[in-house]
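Trainee: fold the following, please.
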Amino acid sequence: MFAYGDWAELSKGINSGGEFSYIHNELGLISDENHLINQKFDFIFGSDILYEISNYEALLGVFDRFLTQSGQVLIVSKMFYYGNGGGVYEFMDYCEKDGRFLVTSVAELNDKIGGNQRSILKLCRKI
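Mentor: The predicted structure follows:
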């Protein structure tokens with residue numbers, strides 16, 4: 001399934017118009033409200049979602065709501081997002097202070113074109 005929308009609204013299951021946030025399954029069909037409200041996932045994947053520090057609280061809210069107890073989140077991110085203040089280190093610091101998730105860097109990749117390193121982060125719930 002694929003989800004899109006504002007992180008804070010998605011974690012509540014509604015968008016700013018009071019309607020349900022859009023969720024697509026692998027066939028591209030919109031799921032109904034009840035399916036997402038009760039849904040939990042073993043894996044959540046994200047890419048380039050750490051660019052804005054002000055989104056971190058809502059992003060962790062999405063993970064907290066939709067991740068199973070033993071689930072994992074995998075995020076591919078640039079180490080730094082110039083002009084936005086976000087990045088891998090800022091997110092890891094934020095998670096440590098938040099206390100809900102343990103975050104580890106499982107790989108670092110060199111971006112030969114842009115010159116900015118990327119990291120793959122793994123999040124799991126603290127027990």
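
Trainee: domain map for the chain?
Mentor: Domain ranges of the chain: 1-39, 41-127, per automatic domain parsing.

Trainee: and those, which one averages the lowest pLDDT?
Mentor: Of all the domains of the chain, the minimum mean pLDDT falls on domain 1-39 (a mean of 54).

Trainee: pull the longest strand from the protein.
Mentor: Counting by DSSP state E, the longest strand found in the chain is strand 67-78.

Trainee: C-alpha coordinates for it, CSV please?
Mentor: Extracted C-alpha coordinates of strand 67-78, given in CSV (Å, rounded to 0.1, in the frame of the first residue of the first chain):
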residue,chain,number,x,y,z
LEU,A,67,3.9,0.2,12.7
THR,A,68,3.4,-3.2,14.4
GLN,A,69,5.2,-3.8,17.7
SER,A,70,8.0,-5.7,16.1
GLY,A,71,8.0,-3.8,12.8
GLN,A,72,10.8,-1.8,11.2
VAL,A,73,11.0,1.5,9.3
LEU,A,74,13.6,1.9,6.6
ILE,A,75,14.4,5.4,5.4
VAL,A,76,16.8,6.4,2.6
SER,A,77,17.9,10.0,3.2
LYS,A,78,20.5,12.6,2.3
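
Trainee: which ones are touching the residue lying closest to residue 51 once chain neighbours are set aside?
Mentor: Sequence neighbours aside, residue 81 is the residue nearest to residue 51 in space, at 4.0 Å (criterion: C-beta to C-beta, 6 or more residues apart in numbering). Heads up, the C-betas are built off the backbone N, CA and C, glycines and all. Residues in contact with residue 81 (C-beta atoms under 8 Å, 6 or more residues apart in numbering) are 50, 51, 52, 87.
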